[in-house]
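# Okay, predicted coordinates and the sequence, questions at the end:
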Number of protein chains: 2
Amino acid sequence: MTTPSLIAADWGTTNFRLFLYDEAGQVIARHAANIGLKNLGVLSFEQALLSVLKGDFAGHEHLPFLLSGMVGSRQGWVEAPYATCPASLQTLADGLVKAPSELDVAIVPGLFAESPGTGLLNVMRGEETQIFGILQSDPSDGFFVLPGTHSKWALVRGGKVESFSTHMTGEMFQVLKAHSILGLLMENSTDNEEVFLKGVERGMYNRAFLSVIFSVRTEALFNHIAPEHLATYLSGILIGAEIVAELERHGKSPVRLVGDGALVDLYEKALAFAGFTHVTRFDGNAASESGLWAIHKLRSSK
Amino acid sequence: MTTPSLIAADWGTTNFRLFLYDEAGQVIARHAANIGLKNLGVLSFEQALLSVLKGDFAGHEHLPFLLSGMVGSRQGWVEAPYATCPASLQTLADGLVKAPSELDVAIVPGLFAESPGTGLLNVMRGEETQIFGILQSDPSDGFFVLPGTHSKWALVRGGKVESFSTHMTGEMFQVLKAHSILGLLMENSTDNEEVFLKGVERGMYNRAFLSVIFSVRTEALFNHIAPEHLATYLSGILIGAEIVAELERHGKSPVRLVGDGALVDLYEKALAFAGFTHVTRFDGNAASESGLWAIHKLRSSK
């Protein structure tokens, strides 16, 4: 029987995933809960965290807790100021912030970077932990792609996140689908690879983004794309627009693609279409688990 | 005393503007009403039209009516199929569609164009009437820019609308402000020219649209732009992204800028910033008035 030694969580705006580790860093229990920042309601962060310590997690309130993600933002439990890139795993361990709680809770800082060449400022929270998690088993230099509400493309060199950029791809899809004239035309979405790749192609080869998306409407008006495929077409345009921007900056570098589910399947298809021949896929939860443990170890060894 | 001879209207999704013409084509009365397509409620189109025939318009139900705008769309009174570019004023007169009504109502068709080089399909309703209105007094070739919910850039040659493109600039601003994380940060918007032009510059010189807009969030996070200027900054990015796309296609051609109010002021500033040295501004309502009369005359002379 192994001894529990750490409770850690990836705690975001929507998602919450809890991990229990033994003394060797093996995850011996997992739990997902609906206590993302936007779902807390009247619960305090401490109340929410205690409420999920059930089953394998029961009775372990005395363990150290380590949290990554938006829980460390200004709207989170306590603000863990962004660490500036280039940033190493040690930078994250050094930047841990204690939460105001009877529990022993530390929160991982997010990362801040100024995009090379553009002066644009970028921030991430949670993805940095996933990147360093993957670097534990595969420490090579290269690009990480983390699709999502705010997709990240991060460049790692010499064990440090050197720079990264953000694309509002996922959020743009949601707001256009729910709140724009384009969404009005969409019906019961079903996937269609051909239509998706047509979107990717147009998003990549026509850089007039505000103009290309209007084609969702006209392709529907003239019955070129069926109502049930319009959402797929729009997602193709958005992912294509994201990929071409990074392609222009960095070329077809090998990329490590991080995440799970249908969204990441789409990125895999789009990256292949765009000519990325070296794409390796990593599980997002496993990456968080590994990263949180690595930060914990570094803290413990101080 | 002049004799009323025509009632015409620009009837859009939001706006409705009614014009009464004498026999010489002078507008002798105007009326604006809140009966855009989205505000009709339980009223039929005929009921809505009759409801605004008050004051100078009272008792003129026997006159011919001519309507342009979204009233001719599939969601309108009756669909007036899009005429295909290149299209002349005669094309519009030939494409008039009678509304199913006791009144003598004709509806102007919209225009359809395939964008040169991209294969993207485009449509407009209402703007074509404004363009031909302006061509009545200034028939020269060139570009027309019609800012709005769906901005149009139209190329006119030899008295015909040869092609045009659409940018969802206005709608994008609205949905991002009302429904995205970017809008959450905005407070009591006030204009600021410097911040607006900073947005224009970034929208123009960084073609990664989905990435550039995220800077609304980070500029706020790091207190580089005040909350009351964030909306201005976002509008600058969007207008800059629209302008640079057309600039790449067409260069700094002279443009005729059509419309009224604060939005068109912004376009004027942004076009000047982008290096457009020949920008002439035209009033949108006057353009509709003139275009509707020109179409009416052509119909009458058949």
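In hand now; what should we look at?
# And for chain A, the residue most distant from the center?
residue A:222 (36.8 Å; C-alpha atoms, centre = their mean).
# what secondary structure does residue A:290 sit in?
Of the three states, residue A:290 takes helix under DSSP: H, G, I helix; E, B strand; the rest coil.
# check contacts around it.
Residues near residue A:290 by C-beta atoms under 8 Å, 6 or more residues apart in numbering or on different chains: A:133, A:134, A:136, A:137. C-betas here are computed from N, CA, C, even on glycine.
# residue ranges with poor pLDDT in the stretch 1-150 of chain A?
Filtered on pLDDT under 70, the stretch 1-150 of chain A yields the residue ranges A:1.
# rewinding a little: and the residue lying closest to the residue farthest from the centre of chain A once chain neighbours are set aside, how many neighbours?
Excluding the flanking residues, the one nearest residue A:222 by C-beta to C-beta, 6 or more residues apart in numbering or on different chains is residue B:121, at 6.0 Å. Residue B:121 has 20 neighbours, counted by other C-beta atoms under 10 Å in any protein chain shown.
# Verify the contact between residue A:132 and residue A:293 for me.
No - with contacts counted by C-beta atoms under 8 Å, residue A:132 stays clear of residue A:293, the gap being 10.2 Å.
# out of those two, which sits in the busier spot?
Taking residue A:132 and residue A:293 together and counting by other C-beta under 10 Å, residue A:132 has the greater number of neighbours (30 against 23).
# On the three-state scheme, the more buried one is what?
helix.
# so who does it touch?
A:89, A:92, A:291, A:294, A:295.
# Buried residues, stretch A:20-28. List them.
Buried residues in stretch A:20-28, counting neighbours by 16 or more other C-beta atoms under 10 Å in any protein chain shown, are found at A:20, A:21, A:25, A:27.
# Out of those, which sit inside helices?
With DSSP state H as the criterion, helices contain none of these.
# quick one: which of the residues you listed is nearest residue A:40?
Checking those against residue A:40 by C-beta to C-beta gives residue A:20 as the nearest, at 21.9 Å.
# ends of stretch A:220-230, how far apart?
Separation of the first and last residues of stretch A:220-230 by C-alpha to C-alpha, to the nearest Å is 8 Å.
# Which positions in that stretch come out as buried?
A:220, A:225, A:229, A:230.
# Stretch A:101-119 too?
Applying 16+ other C-beta under 10 Å to stretch A:101-119 flags A:103, A:105, A:106, A:107, A:108, A:109, A:110, A:111, A:112, A:113, A:115, A:118 as buried.
# filter these down to the ones close to chain B.
A:115, A:118 (C-beta under 8 Å from any C-beta of the partner chain).
# how about the buried residues of stretch A:101-119 in CSV, adding secondary structure?
Below are these laid out as CSV (three-state DSSP):
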residue, secondary structure
A:103, coil
A:105, strand
A:106, strand
A:107, strand
A:108, coil
A:109, coil
A:110, coil
A:111, strand
A:112, strand
A:113, strand
A:115, coil
A:118, coil
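# from the buried residues of stretch A:101-119, which is closest to residue A:12?
residue A:110 (11.4 Å).
# Bridged to the residue in the stretch 1-150 of chain A positioned nearest to chain B, which residues?
Nearest residue of the stretch 1-150 of chain A to chain B: residue A:121, at 3.8 Å (C-beta to the nearest C-beta). Taking DSSP bridges as the rule, residue A:121 bridges to residue A:114.
# re earlier: I figured the residue farthest from the centre of chain A hits residue B:114, correct?
No - counting by C-beta under 8 Å, residue A:222 sits too far from residue B:114 to count as a contact (10.2 Å).
# Need the residues touching each of the two.
Counting by C-beta under 8 Å, 6+ apart, the residues touching both residue A:222 and residue B:114 are residue B:121.
# rewinding a little: identify the farthest-apart pair in the buried residues of stretch A:220-230.
Those two in the buried residues of stretch A:220-230 that are separated most widely, counting by C-beta to C-beta, are A:220 and A:229, at 9.5 Å.
# In chain A, which helix is the longest?
As assigned by DSSP H, the longest helix anywhere in chain A is helix A:230-250.
# I'd like to know the average pLDDT value across that helix.
Regarding helix A:230-250, the rounded mean pLDDT is 96.
# What residues of it count as buried?
Buried, per 16+ other C-beta under 10 Å, within helix A:230-250: A:230-247, A:249.
# what about the helices in chain A?
A:45-51, A:89-94, A:127-137, A:169-179, A:181-184, A:193-205, A:209-212, A:215-221, A:230-250, A:261-273, A:284-300.
# for the last one, the distance to its chain's centre please.
I take that to be helix A:284-300. Centre-to-centre, helix A:284-300 and its host chain are 15 Å apart (C-alpha atoms, centre = their mean, to the nearest Å).
# now swap in the third one and tell me
Mean C-alpha position of helix A:127-137 versus that of the full chain (C-alpha atoms, centre = their mean) differs by 12 Å.
# what does the second one give?
For helix A:89-94, the distance from its own C-alpha centre to the chain's C-alpha centre is 19 Å (C-alpha atoms, centre = their mean).
# Only alpha carbons, please: show it as CSV.
Output in CSV follows, covering the C-alpha atoms of helix A:89-94 (Å, rounded to 0.1, in the frame of the first residue of the first chain):
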residue,chain,number,x,y,z
LEU,A,89,10.5,24.7,-14.0
GLN,A,90,12.5,26.3,-11.2
THR,A,91,11.0,29.6,-12.1
LEU,A,92,7.5,28.1,-11.4
ALA,A,93,8.6,26.5,-8.1
ASP,A,94,10.2,29.8,-7.0
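# coming back round to it: okay, and which of the buried residues of stretch A:20-28 map to strands?
Members of those lying in strands (criterion: DSSP state E): A:20, A:21, A:27.
# isn't the last one right up against residue A:288?
No - contact between residue A:27 and residue A:288 fails when scored by C-beta under 8 Å: they sit 10.1 Å apart.
# shared neighbours, these two?
Applying C-beta under 8 Å, 6+ apart, one finds that residue A:27 and residue A:288 are jointly contacted by residue A:19.
# need the contact list for the closest residue to residue A:73 other than its chain neighbours.
With C-beta to C-beta, 6+ apart as the criterion, residue A:73 has its nearest non-adjacent residue at 5.9 Å, and that residue is residue A:125. By C-beta under 8 Å, 6+ apart, residue A:125 lies in contact with A:12, A:68, A:69, A:70, A:72, A:73, A:110.
# gap between residue A:125 and residue A:92?
Counting by C-beta to C-beta, to the nearest Å, the gap between residue A:125 and residue A:92 amounts to 11 Å.
# per-residue pLDDT, the closest residue to residue A:10 other than its chain neighbours?
In space, and not counting its chain neighbours, residue A:10 is closest to residue A:288: 4.3 Å by C-beta to C-beta, 6+ apart. pLDDT recorded at residue A:288 is 98.
# now swap in residue A:187 and tell me
For residue A:187, pLDDT reads 88.
# For residue A:227, see how far away it is.
With C-beta to C-beta as the criterion, residue A:187 and residue A:227 are 4 Å apart.
# again with residue A:196
Going from residue A:196 to residue A:227 by C-beta to C-beta gives 15 Å.
# now swap in residue A:21 and tell me
With C-beta to C-beta as the criterion, residue A:21 and residue A:227 are 48 Å apart.
# residue contacts, residue A:74?
So residue A:74 contacts residue B:221 (C-beta under 8 Å, 6+ apart).
# Would you check how far apart the closest residue to residue A:277 other than its chain neighbours and residue A:267 are?
Distance criterion C-beta to C-beta, 6+ apart; nearest residue to residue A:277, sequence neighbours excluded, is residue A:252 at 6.9 Å. From residue A:252 across to residue A:267, the span is 15 Å (C-beta to C-beta).
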